[in-house]
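**Student:** what follows is a protein structure lacking sequence information:
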DNA sequence: CGACTATAATTGGTTGAACCATTGAAATCA
DNA sequence: TGATTTCAATGGTTCAACCAATTATAGTCG
């Protein structure tokens, strides 16, 4: 049990000092979204460090989703709008590396999805509802067209839209991450038609229109539990197939 | 609405190609936890790239929590055990940059914490229970000693232990991230005594012993809601103070 | 012989200068 | 005016060193 009584006396590397300084300026708002940092050569000078070292710092910040590096005459290092890309990528890594298993994924989807549905019901705007309705219409069109891949993408997007309607960035990011993992899962086991999803979507929309949070939560919970059974069975059969 | 119909035709940078190759080997298990990559100079040779470029790739992988770089004769790039450090750091960034507000944090804690308590009840082992009981005992000791900072750390640890008892890595990582954000929050507003936390912990332990999932969930929910009120009020007053 | 010490080898960290590739704006020309 | 060329700015990459930390090893002393 560490309990952080002391922090490790890590020998701070030069590039870490740089990332810390830039992070600081971000936290104190003296660097805002869209701002451009000076060119690498100037920055290296300012920090009194070689360009290579500075680049490692920028690389680290880029990797954390804080910067975007653009080439060319008007290029440079731009402060990115704070999205959860790094978080999504991190969880996606853990899934691909097997630290998160399908059963963990489906369980988390049930827990989070249910609460997202509940909150979205309470907080959705008219615009949110409209976007969700458009999404379901798109899903139906793709379904009729037999485009399973596209239908899957639209389904992921539905959860993302719903999370946005819930107006909590933690849930938005987490939902996006869960969908990204689900995407990997589905690509591994293959696209399969789920005849019960579309009807569920429509009942969910009805609850959203009526702002009936409990009905929405219940609908989402039963749908996700069915999906869980479906997915885990599929995973089992695919795993068995590979083991042959 | 993008829907990923097409992916951007990103000009892949050399170091990205390298990270992709290494990630691939990690995914296919041909690189396992604890393995050491060849020295940077050799790797640069193998990839047919300069050492600087290779280093940017390693830096990226290190940043993603996949590698650990050690100096010295027996040093090198080691494959790390897959923890959620990158995810925790990512969410922590978003909190510090203001993309996640205290009300989002407290709300997420209620949602996640309640479900964690429910699952932990069902899945806890005897060892989990023992660790949690030891944690509460420690908290009491620190509380009596008047060490608020240490008590706070022990409280964060409690949630982390509970999440581990729930046996779902997604929830473990998310809980750790929420606690890291809470740590930032508490450090900003100052440590304050919460007289109702310790009694709640004991009731929670009782439910855990009895494996009464609903009681545990309810206890956690009411505790976190009280904490939410407490924290948000504190935040308001601190914000007002700063505005003066 | 055993414990300590100096030394060397290994490896990541950093430096500086140079050149490449892309991008967009300015200059040029029809 | 409008299309084309030129060019300057900027990130991407390379190369060849040297620095600094760490550990294995050989050596030294009691």
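**Tutor:** Looks like it arrived, so ask away. Predicted, not measured: the structure shown is a model, and the values here were computed from it. Numbering: from 1, shown residues only, chains lettered A, B, ... in the order given.
**Student:** let me see the contact set for the residue nearest the centre of chain A.
**Tutor:** Centrality entry for chain A: nearest residue to the mean C-alpha point is residue A:176, 2.7 Å, by C-alpha atoms, centre = their mean. Counting by C-beta atoms under 8 Å, 6 or more residues apart in numbering or on different chains, residue A:176 touches A:84, A:88, A:160, A:163. Placement of C-beta: from N, CA and C, glycine included.
**Student:** which elements pack onto the longest helix that chain A contains?
**Tutor:** Secondary structure of chain A per DSSP state H: the longest helix is helix A:213-243. Where contact means 3 or more C-beta pairs under 8 Å, 6 or more residues apart in numbering or on different chains; DSSP states H and E, helix A:213-243 is packed against helix A:102-123, helix A:169-189, helix A:197-210.
**Student:** any weak-confidence spans in chain A?
**Tutor:** For chain A, the stretches with pLDDT under 70 are A:1-11, A:241-244.
**Student:** which residues touch the closest residue to residue A:222 other than its chain neighbours?
**Tutor:** Using C-beta to C-beta, 6 or more residues apart in numbering or on different chains and skipping residues adjacent in sequence, the residue nearest residue A:222 is residue A:200, 7.6 Å away. Counting by C-beta under 8 Å, 6+ apart, residue A:200 touches A:219, A:222-223.
**Student:** any idea how far residue A:82 is from residue A:200?
**Tutor:** In this view, residue A:200 and residue A:82 are 33 Å apart by C-beta to C-beta, to the nearest Å.
**Student:** next: residue A:236.
**Tutor:** 39 Å.
**Student:** cool, and residue A:70?
**Tutor:** Counting by C-beta to C-beta - residue A:70 and residue A:82 are separated by 18 Å.
**Student:** before we move on, what about residue A:125?
**Tutor:** 22 Å.
**Student:** can you verify residue A:68 is assigned to a helix?
**Tutor:** No - counting by DSSP: H, G, I helix; E, B strand; the rest coil, residue A:68 falls outside a helix, being strand.
**Student:** name the residues of chain A found near DNA strand C, please.
**Tutor:** A:13-15, A:48-53, A:56, A:71-75 (C-beta under 7 Å from any atom of the strand).
**Student:** among those, who's most crowded?
**Tutor:** Most neighbours among the residues of chain A next to DNA strand C, by other C-beta atoms under 10 Å in any protein chain shown: residue A:56, with 25 neighbours.
**Student:** now do the contacts for that one.
**Tutor:** Contacts here follow C-beta under 8 Å, 6+ apart; on that basis residue A:56 touches A:15, B:55-56, B:59.
**Student:** and residue A:120, by the same measure?
**Tutor:** A:128, A:162-163, A:165-166, A:208, A:216.
**Student:** same question for residue A:163.
**Tutor:** Applying C-beta under 8 Å, 6+ apart, the residues near residue A:163 are A:116, A:120, A:171-172, A:174-176.
**Student:** next: residue A:118.
**Tutor:** Residue A:118 neighbours (C-beta under 8 Å, 6+ apart): A:213-214, A:216-217.
**Student:** quick check, nearest of the residues you listed to chain B?
**Tutor:** residue A:217 (11.4 Å; C-beta to the nearest C-beta).
**Student:** does the closest one touch residue A:113 like I think?
**Tutor:** No - using C-beta atoms under 8 Å, residue A:217 is not in contact with residue A:113, being 9.1 Å away.
**Student:** would you mind naming what in chain A lies close to DNA strand D?
**Tutor:** Within reach of DNA strand D by C-beta under 7 Å from any atom of the strand, chain A has these residues: A:11, A:37, A:39-41, A:51-52, A:55, A:58, A:69-77.
**Student:** which ones among those residues map onto helices?
**Tutor:** Per DSSP H, the subset of the residues of chain A next to DNA strand D in helices is A:40-41, A:51-52, A:55, A:58.
**Student:** can you narrow those to ones near chain B?
**Tutor:** A:52, A:55 (C-beta under 8 Å from any C-beta of the partner chain).
**Student:** make a markdown table from the ones in helices among the residues of chain A next to DNA strand D and add distance to residue B:22 to it.
**Tutor:** Shown next, in a markdown table, are these (distance: C-beta to C-beta, whole Å):
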| residue | distance to residue B:22 |
| --- | --- |
| A:40 | 25 |
| A:41 | 30 |
| A:51 | 25 |
| A:52 | 21 |
| A:55 | 19 |
| A:58 | 20 |
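**Student:** name the nearest of the ones in helices among the residues of chain A next to DNA strand D relative to residue B:149.
**Tutor:** Distance to residue B:149, by C-beta to C-beta, is smallest for residue A:58 among those, at 34.7 Å.
**Student:** so who does that closest one touch?
**Tutor:** Per C-beta under 8 Å, 6+ apart, neighbours of residue A:58: A:40, A:67, A:69, A:77.
**Student:** for burial, what's the neighbour tally of the second one?
**Tutor:** The reference is to residue A:67. 24.
**Student:** tell me the contacts of it?
**Tutor:** By C-beta under 8 Å, 6+ apart, the contact set of residue A:67 is A:37, A:58, A:61, A:77-80.
**Student:** what about residue A:98, which SS state?
**Tutor:** coil.
**Student:** higher neighbour count, residue A:236 and residue A:82?
**Tutor:** Each of residue A:236 and residue A:82 has its neighbours counted (other C-beta under 10 Å); residue A:82 has more, 21 against 12.
**Student:** give me the nearest residue to the more buried one, chain neighbours excluded.
**Tutor:** Nearest one to residue A:82, counting by C-beta to C-beta, 6+ apart, is residue B:99 at 3.8 Å.
**Student:** tell me how far that neighbour lies from residue A:162.
**Tutor:** Counting by C-beta to C-beta, the gap from residue B:99 to residue A:162 is 20 Å.
**Student:** ok, the two, which is more surrounded?
**Tutor:** residue A:162 (27 against 18).
**Student:** the more buried one falls within a helix, correct?
**Tutor:** Yes - under three-state DSSP, residue A:162 sits within a helix.
**Student:** list the contacts for it?
**Tutor:** Counting by C-beta under 8 Å, 6+ apart, the residues that residue A:162 touches are A:116-117, A:120, A:132, A:175.
**Student:** which two from those end up farthest apart in space?
**Tutor:** A:132 and A:175, at 13.5 Å, using C-beta to C-beta across these.
**Student:** looking at the contacts of residue A:176, which is nearest DNA strand D?
**Tutor:** Set against DNA strand D, the nearest of these by C-beta to the nearest atom of the strand is residue A:88 (20.9 Å).
**Student:** count the residues that sit near the closest one.
**Tutor:** Neighbours around residue A:88, by other C-beta under 10 Å: 22.
**Student:** ok, the one 4 residues further on next?
**Tutor:** Applying other C-beta under 10 Å, we find 18 other residues in the vicinity of residue A:92.
**Student:** can you spell out which helices and strands pack onto the host helix or strand of it?
**Tutor:** Secondary structure assignment for residue A:92, by DSSP states H and E: helix A:85-96. Here helix A:85-96 is seen to pack against helix A:169-189, helix B:14-27, helix B:85-96, helix B:169-189 when contacts are counted using 3+ C-beta pairs under 8 Å, 6+ apart.
**Student:** switch the cut-off to 6 Å
**Tutor:** Applying 3 or more C-beta pairs under 6 Å, 6 or more residues apart in numbering or on different chains; DSSP states H and E, one finds that helix A:85-96 contacts helix A:169-189, helix B:85-96.
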